[in-house]
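Enquirer: With the sequence up front, the predicted model follows.
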Amino acid sequence: MKKPVKILLTILACLGGIMLIIGVIVGINQLIVMANEQGAAISDEGQINVNNSYPGEDWPGWRGPHGDGTTTESGWTYDTTVISRLWEKNIGKGYSSPAVVDGKVYISGNSKKEDSIYCLDLLTGTEVWSFSYKCSPGEYAGPRSSPLFHEGFLYSISRDGAVYCLDADNGTVIWSVLVADTFSMPPHKWGYACSPVIYKNLLIINAGKGGIALDAKTGKMVWQNGGGDGGYSSPVIYTHNEETFIALFTGSSLISVIPENGAIQWEYPWDTDPAVNAADPLIIGTKAFISSFYGKGCALIDFSQNPPETLWKNNNMSSHFSSFYQRDGFIYGFDATPVLPFTGEFRCLSLETGKVVWQEKLGFGSFIVANTYFIILLQPGTIKIAEVDHKKYSEVASLTIKRGVFWTSPVLSHGILLLRSSGGDVTAISLRS
């Protein structure tokens with residue numbers, strides 16, 4: 001055998017060995033997490049309140065009715081004798097979270113090289129309509145972006161940058177545009193992941209160097225800030241001095257733009273290697289908190305001046321893509337990656353100093369805030385419910401659903417908790433008391 005061939009075979013054998021070791025480590029990590037995160041099993045035969053007029057808030061798009069992962073819903077229960085599984089439906093692989101409006105669930109998934117957008121009944125899971133289009137599944141298969149409901153229209157973005165506006169009543173296409181080709185904004189390495197936001201008549205997307213805005217009624221481009229590597233996070237609407245701005249965590253910086261024309265007001269450089277800025281920025285008055293993985297860590301900046309000032313920067317919160325919450329001067333979030341899930345911690349940081357106030361070794365997960373409680377979904381399929389408390393981690397319930405891989409944030413709307421696995425299983429759980 002010739003020497004170059006031997007060298008090539010040796011290299012391939014080494015690479016194969018490395019991949020095997022990585023696979024074993026990831027598998028062991030997953031088993032450790034699953035063993036540590038046992039909770040009360042959720043019943044299929046509990047007491048179910050199916051009253052359609054049950055109080056609560058709709059969840060019209062990514063991060064809910066207030067755009068920050070919170071809902072004011074109260075009256076729901078974490079009593080395991082009452083909690084019940086309503087329905088389960090597989091809608092295809094992906095990471096899209098559901099939108100809930102007027103008793104309907106809107107969500108997307110990928111199967112057989114097609115994306116499908118579904119409208120389901122909230123209480124039964126019955127399909128009302130679906131719309132499909134060709135889309136390759138890609139690495140970590142399926143759509144990442146979450147649908148957005150606004151004034152009777154449903155907006156959705158595929159992983160390859162196709163934007164659709166549908167009639168939310170029947171799924172009819174109103175308009176569509178392939179942003180990646182039409183505006184020279186190709187997908188990032190892992191595809192388009194941002195969810196859109198609406199400001200007045202504009203659909204705003206984190207794409208390219210500094211975002212793009214489309215006319216929400218026609219899909220025509222209103223403004224853009226040029227091609228380039230956009231971020232995986234979603235636009236965040238905020239106000240400053242009674243004016244509205246959009247914060248965009250791009251592939252290389254946090255920027256603020258004027259929504260009407262896209263003019264960049266300020267920029268704070270934030271390079272990661274690889275270029276993965278995926279967790280939404282957290283805006284607190286004139287301050288912004290950002291975090292990334294791959295050894296980057298987190299920072300709090302003050303944008304009341306231009307350029308923004310770094311108030312503190314450390315490695316106390318390195319989020320791969322889970323977003324954050326702030327209350328009373330404390331920031332909550334996951335210092336975690338799904339690659340090594342058992343090492344992840346749910347943490348509370350001081351907003352003033354950036355120091356860790358408390359930490360709980362929960363593994364990798366995501367969360368929302370319902371009134372005064374965290375509803376946490378951990379990667380293997382365990383639900384943790386804990387009080388929002390800056391003094392300590394205060395868990396009140398632990399529940400287990402069907403095992404799987406859960407990277408998508410949970411959604412609570414009108415007393416129904418919706419969970420989505422990467423394999424496409426959507427599970428509806430009644431928390432109605």
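Expert: Here it is on my side, so go on.
Enquirer: Strands of the stretch 51-200 of the chain, residue ranges please.
Expert: 70-71, 84-90, 99-101, 104-111, 114-121, 127-134, 148-150, 153-157, 162-167, 173-178, 197-199 (DSSP state E, counting those that start in this stretch).
Enquirer: Could you dump the ones you listed into CSV and include distance to Thr272?
Expert: Every C-beta, even on glycine, is put in place using the N, C-alpha and C of the backbone. Formatted as CSV, these follow (distance: least, CB to CB, whole Å):
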stretch, distance to Thr272
strand 70-71, 27
strand 84-90, 34
strand 99-101, 29
strand 104-111, 27
strand 114-121, 28
strand 127-134, 32
strand 148-150, 27
strand 153-157, 22
strand 162-167, 26
strand 173-178, 27
strand 197-199, 23
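Enquirer: For Phe367, find the nearest of those.
Expert: Comparison of the strands of the stretch 51-200 of the chain against Phe367 by CB to CB identifies strand 70-71 as nearest, at 10.4 Å.
Enquirer: just checking, what packs against that closest one?
Expert: When contacts are defined as 3 or more CB pairs under 8 Å, 6 or more residues apart in numbering; DSSP states H and E, strand 70-71 packs onto strand 365-370.
Enquirer: Identify all contacting residues around the following helix or strand past the strand it packs on.
Expert: From strand 365-370 onward toward the C-terminus, using DSSP states H and E, the following helix or strand is strand 373-378. Residues from elsewhere that reach strand 373-378 (CB atoms under 8 Å, 6 or more residues apart in numbering): 33, 37, 78, 325, 332, 346, 362-369, 383-388, 396, 406, 408-410, 412, 417, 419.
Enquirer: what does stretch 59-73 give?
Expert: By CB under 8 Å, 6+ apart, stretch 59-73 touches 55-58, 97-101, 145-150, 195-197, 234, 236-237, 280, 323, 325, 367-371, 409, 411-415.
Enquirer: pLDDT of stretch 374-386, averaged?
Expert: In this model, stretch 374-386 has an average pLDDT of 96.
Enquirer: Revised request: answer the last question for stretch 55-74.
Expert: On average, stretch 55-74 scores 96.
Enquirer: how about the helices in the stretch 1-150 of the chain?
Expert: 3-36 (DSSP state H, counting those that start in this stretch).
Enquirer: Now Asp102: closest residue in space, sequence neighbours ignored.
Expert: Leaving aside its sequence neighbours, Asp102 sits nearest to Asp58 (CB to CB, 6 or more residues apart in numbering; 7.1 Å).
Enquirer: List the contacts of the nearest residue to Leu351 once chain neighbours are set aside.
Expert: Spatial nearest neighbour of Leu351, excluding adjacent residues (CB to CB, 6+ apart): Gly329 at 4.7 Å. Going by CB under 8 Å, 6+ apart, Gly329 touches 350-352, 390.
Enquirer: Closest to Ile174 out of those?
Expert: For those, the closest approach to Ile174 (CB to CB) belongs to Leu351, at 42.2 Å.
Enquirer: That closest one touches Asp302, doesn't it?
Expert: No. Counting by CB atoms under 8 Å, Leu351 sits too far from Asp302 to count as a contact (11.8 Å).
Enquirer: And those two? Which one has more around it.
Expert: Leu351 (19 against 13; other CB atoms under 10 Å).
Enquirer: Out of the contacts of stretch 59-73, which end up buried?
Expert: 56-58, 97-101, 145-150, 195-197, 234, 236, 280, 323, 325, 367-370, 409, 411-415 (16 or more other CB atoms under 10 Å).
Enquirer: tell me, what's touching Leu351 and Asp302 both at once?
Expert: With CB under 8 Å, 6+ apart, Leu351 and Asp302 have common neighbours Lys287.
Enquirer: What ranges does the stretch 201-350 of the chain have for its strands?
Expert: Using DSSP E, counting those that start in this stretch, strands in the stretch 201-350 of the chain cover 202-205, 212-215, 221-224, 236-240, 243-249, 253-257, 264-269, 282-284, 287-292, 297-302, 309-314, 325-327, 330-335, 345-350.
Enquirer: could I get the ones you listed as JSON lines with mean pLDDT and distance to Ile375?
Expert: Converted to JSON lines, the strands of the stretch 201-350 of the chain look like this (pLDDT from 0 to 100; distance: least, CB to CB, whole Å):
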{"stretch": "strand 202-205", "mean pLDDT": "98", "distance to Ile375": "28"}
{"stretch": "strand 212-215", "mean pLDDT": "98", "distance to Ile375": "33"}
{"stretch": "strand 221-224", "mean pLDDT": "97", "distance to Ile375": "37"}
{"stretch": "strand 236-240", "mean pLDDT": "97", "distance to Ile375": "21"}
{"stretch": "strand 243-249", "mean pLDDT": "97", "distance to Ile375": "24"}
{"stretch": "strand 253-257", "mean pLDDT": "97", "distance to Ile375": "27"}
{"stretch": "strand 264-269", "mean pLDDT": "97", "distance to Ile375": "31"}
{"stretch": "strand 282-284", "mean pLDDT": "98", "distance to Ile375": "18"}
{"stretch": "strand 287-292", "mean pLDDT": "98", "distance to Ile375": "21"}
{"stretch": "strand 297-302", "mean pLDDT": "98", "distance to Ile375": "23"}
{"stretch": "strand 309-314", "mean pLDDT": "98", "distance to Ile375": "28"}
{"stretch": "strand 325-327", "mean pLDDT": "98", "distance to Ile375": "11"}
{"stretch": "strand 330-335", "mean pLDDT": "98", "distance to Ile375": "12"}
{"stretch": "strand 345-350", "mean pLDDT": "98", "distance to Ile375": "12"}
